[in-house]
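Participant: what's the 3D shape of this:
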Amino acid sequence: MQGNSRNEVTSFIYACKNQVHGCTYGNGFRVEVARHEWTWPIVSKEVVEDHTQKNAAKTFGCTEEGCTKSFDSVGKRNRHVKDMHEWPKPCPKGCEEDGEALMFDKRHALNRHMETHSDFTPTKCLVSDCTSENVFTRAKMYRGHIQKVHHITGKAIDQYVPYTKKAKWEPMTCRIPDCTSQATFTLPGRYKTHLRDWHGMDDVEVEEAMDF
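Facilitator: Numbers count the residues shown, from 1 in each chain. So this is what the prediction gives:
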């Protein structure tokens, strides 16, 4: 492409709004600059220098083109790629729409859809002194209620969460290869908590691991 100038046409580069403090980041896509500014709030030259020094130790850069994030371990880098870039994704249960795989472009949308596959039984709050008359149809909302209203957290929540067992649950140890836990899980809710806490799984990954 040529214009009226004798100089060659160059791509317009959007600069970080914090360039006044010394930030040198720029990108041809405004959305990438906005993402950079959101993940790196800069308020002074000192913050720029500190951020630059910390980034020098983060040698594992994101493998996706255009992403400037870097991490201090391969695991953190891989988690970032999985959470931020590997979208859209299909329903892992094989759901279809008009003959095509049902796809989701955001994690929260997929997690919400996965509630339709949950073996959670809709229930009123089972905490003994609860006065709420709400019937909770989603496990996530119910667990949030128990945590916020009754201040019960972690594994202690599981004893109040009813599940419809697809088959008789047999006590078992973790099925994840190389797991070092020696615990025996007598309830599916406790195994799900283990998968989240020990293995860092999200709701979708937990459902996949429970599908046996």
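Participant: How is the protein partitioned into domains?
Facilitator: The chain resolves into domains spanning 14-84, 118-164, 165-212 when parsed by automatic domain parsing.
Participant: which residues sit in contact with Cys91?
Facilitator: Contacts for Cys91 (CB atoms under 8 Å, 6 or more residues apart in numbering) come out as Ala101, Leu102, Phe104, Leu110, His113, Met114. Placement of C-beta: from N, CA and C, glycine included.
Participant: So which of those residues wins on neighbours?
Facilitator: Met114 (23 neighbours; other CB atoms under 10 Å).
Participant: And that one, how close does it get to His194?
Facilitator: As for Met114, its distance to His194 is 18 Å (criterion: CB to CB, to the nearest Å).
Participant: pretty sure Met201 is touching Thr193, no?
Facilitator: No. Look at Met201 against Thr193 with CB atoms under 8 Å: they stay out of range, at 10.5 Å.
Participant: picking up where we left off before, which stretch among the domains of the chain approaches Glu97 most closely?
Facilitator: Of all the domains of the chain, it is domain 165-212 that lies closest to Glu97, at 17.8 Å by CB to CB.
Participant: tell me the mean pLDDT for that closest one?
Facilitator: Mean pLDDT, domain 165-212: 81.
Participant: Let's have the domains of the chain in CSV, adding distance to Pro92 and mean neighbour count.
Facilitator: Conversion of those to CSV gives the following (distance: least, CB to CB, whole Å; neighbours: other CB atoms under 10 Å):
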stretch, distance to Pro92, mean neighbour count
domain 14-84, 14, 14
domain 118-164, 13, 14
domain 165-212, 5, 14
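Participant: Out of these, which gets nearest to Pro90?
Facilitator: Checked against CB to CB, the stretch from the domains of the chain lying closest is domain 165-212, at 10.8 Å.
Participant: Tell me the bridge partners for the closest residue to Ser73 other than its chain neighbours.
Facilitator: Distance criterion CB to CB, 6 or more residues apart in numbering; nearest residue to Ser73, sequence neighbours excluded, is Phe60 at 6.4 Å. Beta-bridge partners for Phe60, by DSSP bridges, are Phe71.
Participant: Extract the CA atoms of stretch 80-90 and return them as PDB.
Facilitator: This file holds the C-alpha atoms of stretch 80-90, laid out as PDB (Å, rounded to 0.1, in the frame of the first residue of the first chain):
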ATOM      1  CA  HIS A  80      -2.000 -19.500  31.400                       C
ATOM      2  CA  VAL A  81      -2.200 -20.800  27.900                       C
ATOM      3  CA  LYS A  82      -5.000 -23.200  28.800                       C
ATOM      4  CA  ASP A  83      -7.000 -20.600  30.700                       C
ATOM      5  CA  MET A  84      -6.600 -17.700  28.300                       C
ATOM      6  CA  HIS A  85      -5.900 -19.000  24.800                       C
ATOM      7  CA  GLU A  86      -7.300 -22.500  24.300                       C
ATOM      8  CA  TRP A  87     -10.800 -21.200  23.400                       C
ATOM      9  CA  PRO A  88     -13.400 -21.900  22.100                       C
ATOM     10  CA  LYS A  89     -13.900 -25.400  23.500                       C
ATOM     11  CA  PRO A  90     -16.600 -28.000  23.100                       C
END
